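J.: Take this sequence and fold it.
(one chain, ligands or ions: 2)
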Amino acid sequence: MEKKNLVIVGGGSTYTLGIVMSLIAEKETLPLNKLVFYDTDAERQEKIAKATAVILKERYPELETFEYTTDKSKAFTDMDVAFLQIRTGGLKMREKDEQIPLKYGVVGQETCGPGGMAYGMRSIPDMIELIHDIRSYTDDAWILNYTNPAAIVAEALQREFPEDDRLLNICDMPIAIMKSYADMLGKDVWDLVPEYFGLNHFGWFTKIEDKDGTDYTEVIKEKIINEGFVPTDEEIANDESWKKTFAQARKMLMDFPEFLPNTYLQYYLYPEALAAKEVPDNTRARQVINGRQRRVHDQCDHIISTQSTEGIELTDDVHGVYMVKAAASLMYHMNEIYIVMVKNNGIISNIPHDAMVEVPAMLARSGPRPFSVGEVPTFYKGMMENQLAYEKLVVDAYFEKSYNKALQALTLNRTVTDVEKAKLILDDLIEENKGYWPELH
Ligand code: G6P
Ligand code: MN
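T.: Ligands and ions are numbered 1, 2, ... in the order given. Presented below is the predicted three-dimensional model:
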């Protein structure tokens, strides 16, 4: 197998060590010649990179080159594949996205509701610039994006780069959910085959089979109703917030037993209850700063000072392995099935053609080959079209610098709906996002 060169954009992320461990675990699936980290924050990246150098020396000695840089030409020249995981404004702005809506009794979340809109308006310009930069060094590298809010980012990129057929948006939530299904069934997650439809962070599994074609959908539903639902991937299994989120699957399934819900639907189905239980000075961003970030940074410090990983618990995770395997399927034409974001073009026949939908697709050298979904029932179509209109209006607001489109977007969002509330939240978001958002008029 031909060895590949990979760049991770956002090398300083708290997820990077997990990706590195996943690259090691999957080195036979995707053998690398060169691994490069790129970040605009040199200091944040250096800590992760110096620890990575030790990890790679111990566990990936055959890797020829590992480098980290803030120089675009060094990062993007000769690359076969790029993983994009940037966070414009950092966790500091994530915290604001979560806190501002809560002031008005509205869900405060990274990708759902007003927080998602705020983050989207920050991500779009950086993502557009980044893709232009990457493309100025390489025409044919695969770009796998999982920068959030992925739905809004995907819509914006589709408008800015309509001809780019090597740009794929992908989210790990479906596979993290499937990992829990697999563990409930006593099966290997990579042996499960999903049928799924929706928008990113807004979708439903309609069927789960194994590779022999045995249908486990009803068994999974019964188990969730009778035994509850828990995260099982190492990365999130012991996380209190993720445990609560996964537990909500049972409630959603009892209310709407037809399909198996994505965890993120909780914010749209029970917005009042979700907003009420949040504590403004301990939202998810704060928990990540004090939890995952501290843990990862402590691990790095220890690895760097001892120049060894001894005694440090490092594991691959389903998120990282998913990205690595998906990239391999694209580059080596493996035709495996992954849930990804693609332009609808009739896949879901009663949803607009130009929607960016999240569906299973075979990943081949020529790109994703999505499977037809057909018509979705009225409830799901209504939910999706409402959310889709919201997403499109956010991207319109960005490109047209339109205050009114932003207000329309927030008004449509199921977590808001009241125009007066939407105005108050929007005005606060504008104030806090000065320098990140375009000026709206
Ligand atoms: C899942 C989602 C990602 C999201 C992440 C947040 O993995 O698919 O889109 O960024 O959760 O997790 P955190 O632990 O940072 O709240
Ligand atoms: Mn996601």
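J.: Can you tell me the element residue 197 falls in?
T.: strand 192-199 (DSSP states H and E).
J.: Extract the C-alpha set from that strand and format it as PDB.
T.: Extracted in PDB, the C-alpha atoms of strand 192-199 (Å, rounded to 0.1, in the frame of the first residue of the first chain):
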ATOM      1  CA  LEU A 192     -22.700  -2.900  12.000                       C
ATOM      2  CA  VAL A 193     -24.300  -1.400   8.900                       C
ATOM      3  CA  PRO A 194     -26.500   1.700   9.400                       C
ATOM      4  CA  GLU A 195     -29.400   3.200   7.500                       C
ATOM      5  CA  TYR A 196     -29.700   6.800   8.600                       C
ATOM      6  CA  PHE A 197     -31.000  10.200   7.400                       C
ATOM      7  CA  GLY A 198     -31.000  13.800   8.500                       C
ATOM      8  CA  LEU A 199     -28.900  16.900   8.800                       C
END
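J.: Run the angle between the next helix or strand after it and strand 192-199 for me.
T.: Remark: after strand 192-199, the chain's next helix or strand is strand 202-210, criterion DSSP H and E. For strand 202-210 against strand 192-199, the angle between stretch directions is 160 degrees (axes from the mean of the first three to the mean of the last three Cα atoms, to 10 degrees).
J.: List the contacts of strand 202-210.
T.: Contact with strand 202-210 is made by 151, 174, 177-178, 181, 187, 191-198, 215-217, 220, 258-262, 264-265, 268, 358, 380, 383-384, 387, as judged by Cβ atoms under 8 Å, 6 or more residues apart in numbering. C-beta here means a position set from N, CA and C on the backbone, and glycine is covered the same way.
J.: and residue 255, what does it touch?
T.: Residue 255 sits next to residue 269 when contact means Cβ under 8 Å, 6+ apart.
J.: where's it relative to ligand 1, distance?
T.: Separation of residue 255 from ligand 1 (Cβ to the nearest ligand atom, to the nearest Å) stands at 23 Å.
J.: and that residue, how far is that from ligand 2?
T.: 23 Å (Cβ to the ion, to the nearest Å).
J.: Show me the domain layout of this structure.
T.: Domain assignment of the chain by automatic domain parsing yields the ranges 4-172+286-311, 378-432.
J.: Compare these and report which one is nearest to residue 211.
T.: Nearest to residue 211, of all the domains of the chain, is domain 4-172+286-311, at 17.2 Å by Cβ to Cβ.
J.: Straight-line length of the closest one, end to end?
T.: Length of domain 4-172+286-311, first residue to last, Cα to Cα, to the nearest Å: 31 Å.
J.: in what helix or strand does residue 376 lie?
T.: Counting by DSSP H and E, residue 376 is found in no helix or strand.
J.: Within range of ligand 1, give me the residues from the stretch 101-250 of the chain.
T.: Residues of the stretch 101-250 of the chain lying close to ligand 1 by Cβ under 6 Å from any ligand atom are 148, 171, 172, 173.
J.: Make a PyMOL selection of whichever of these turn out to be buried.
T.: A single PyMOL command selects the buried members of these (16 or more other Cβ atoms under 10 Å):
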select buried, resi 148+171+172+173
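J.: Which residues lie in contact with whichever residue of the stretch 251-400 of the chain sits closest to ligand 2 in this structure?
T.: Closest to ligand 2 within the stretch 251-400 of the chain is residue 264: 7.8 Å, counting by Cβ to the ion. For residue 264, the contacting residues are 111, 112, 173, 201, 202, by Cβ under 8 Å, 6+ apart.
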